[in-house]
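Enquirer: give me a model of this one.
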Amino acid sequence: MILLVSGCAANNNDSISNSLDFYEQTQNYHKMIALYKAELKTKENDNIRTKLANAYLSINDYESSLFTLAPLLQRDKVSIAILEIKAKALYKNEEFDNALITCEKIIAKNDVNSDIENLMGLIYAENNNYEQSRHYFNRARTHFHDDIIIQNNLAVLDLLEGHPQASITRLMPLYTKYPSDIKIKANLIIAFSQIDDVNAVRSILAASYSQREIDEIVKELIELKPI
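Expert: Got it, this is the predicted structure:
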């Protein structure tokens, strides 16, 4: 609202620009979408269209994100930024094969892209190709992708491959450093439950749940274990 106070002294374009800056800084995606669409109604702009597609992606509206990108994807030359949004939207929409094809196009243009390498690791994991998944997670790690994200993803692979102790060994240093990280805690709970370490599961849950709630969670984990 503070930005609107000076509206009388600025033209409409300045007001829209100031509002967009504010909404982008505060990650108010719904407001951003409305303003991006208003700008595109007035004049087509590739940069604004790309931002609109990314905003749709941020609110999990993957179909709208892909629909918004469609005109840009028909060009002879498509930027890596546009392809990245497409790949992420396809992955989130569970179109794994098409997402992988798009990732490969990105890597062909730029073979160092830790974000896309991590995404390829996720896609290969969804396709049960754990060897390739691990390869791309480690490749992303080599290119300095976020350590917590990569270690979590590698820990999930350890679990999928039937190595809960390896997952625990990988995650415990992270848990010690980031005890409130939800994904680290969730993966550790699964790993400890797989080796029947109920005390460790209870210890992790103790900070967030009552004794009765912990009993229920432990009971459910035991029931989920394969016979």
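Enquirer: and stretch 55-72, what's its mean pLDDT?
Expert: Mean pLDDT, computed over stretch 55-72, is 98.
Enquirer: give the contact list for Phe137.
Expert: With contact taken as CB atoms under 8 Å, 6 or more residues apart in numbering, Phe137 is in contact with Glu117, Asn118, Gly121, Ile150, Asn153, Leu154, Leu157. Quick note: C-beta positions are derived from backbone N, CA and C, even for glycine.
Enquirer: and those as JSON lines, adding neighbour count, pLDDT and distance to Ile168?
Expert: Shown next, in JSON lines, are the contacts of Phe137 (neighbours: other CB atoms under 10 Å; pLDDT from 0 to 100; distance: CB to CB, whole Å):
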{"residue": "Glu117", "neighbour count": "24", "pLDDT": "98", "distance to Ile168": "25"}
{"residue": "Asn118", "neighbour count": "21", "pLDDT": "98", "distance to Ile168": "22"}
{"residue": "Gly121", "neighbour count": "28", "pLDDT": "98", "distance to Ile168": "20"}
{"residue": "Ile150", "neighbour count": "21", "pLDDT": "96", "distance to Ile168": "17"}
{"residue": "Asn153", "neighbour count": "23", "pLDDT": "97", "distance to Ile168": "15"}
{"residue": "Leu154", "neighbour count": "19", "pLDDT": "97", "distance to Ile168": "12"}
{"residue": "Leu157", "neighbour count": "21", "pLDDT": "97", "distance to Ile168": "14"}
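Enquirer: okay, and the residue nearest to Ser193 when sequence neighbours are not counted sits in which element?
Expert: The shortest distance from Ser193 to any residue other than its chain neighbours is 4.3 Å, reached at Leu221 (CB to CB, 6 or more residues apart in numbering). Leu221 is part of helix 211-224, with elements assigned from DSSP states H and E.
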